[in-house]
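**Student:** Here is a sequence with its predicted model. Questions after.
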Amino acid sequence: MYKIEVHRPWCKKCGICIAFCPKQNLEPGEMSYPTAKDPEKCNGCKLCELRCPDFAMYVYEDEESLDESSIASRE
Ligand code: SF4
Ligand code: SF4
């Protein structure tokens, strides 16, 4: 599973990340900052991160959701 973080001081709430998410997983949330609707919908494509003109979006894999085999394959 992937987690999405928005660095609020850099986010100008332009909505580009919301528009480009192929899974329609992002929406304006608290104080109109982009928020993931359902973390299970995110496929980790990072389009939101790549398209953000202000480098405010950060997508990362949730370590708790990794099983032992996927951790072993990273070593
Ligand atoms: S693209 Fe970046 S600046 Fe625009 S709403 Fe998304 S996180 Fe904020
Ligand atoms: S990583 Fe891809 S699927 Fe996940 S929220 Fe960003 S654009 Fe959407």
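**Tutor:** Nice, thanks for sending it over. Ligands and ions are numbered 1, 2, ... in the order given.

**Student:** May I have the secondary structure class of residue 19?
**Tutor:** For residue 19, the secondary-structure state derived from DSSP: H, G, I helix; E, B strand; the rest coil is helix.

**Student:** partners of the helix or strand where residue 3 lies in the sheet?
**Tutor:** Secondary structure assignment for residue 3, by DSSP states H and E: strand 2-6. Strand 2-6 has these partner strands in its sheet, going by DSSP bridges: strand 57-61 (antiparallel).

**Student:** If you count neighbours, what's buried in the partner strand?
**Tutor:** Neighbour-count burial for strand 57-61, counted by 16 or more other C-beta atoms under 10 Å, picks out 57, 59. In short, each C-beta sits where N, CA and C put it, glycine included.

**Student:** how about the CA coordinates for it, as PDB?
**Tutor:** Extracted in PDB, the C-alpha atoms of strand 57-61 (Å, rounded to 0.1, in the frame of the first residue of the first chain):
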ATOM      1  CA  MET A  57       3.600  15.800  -3.200                       C
ATOM      2  CA  TYR A  58       5.400  12.800  -1.900                       C
ATOM      3  CA  VAL A  59       4.400   9.100  -2.500                       C
ATOM      4  CA  TYR A  60       6.000   6.300  -0.600                       C
ATOM      5  CA  GLU A  61       5.400   2.700   0.100                       C
END
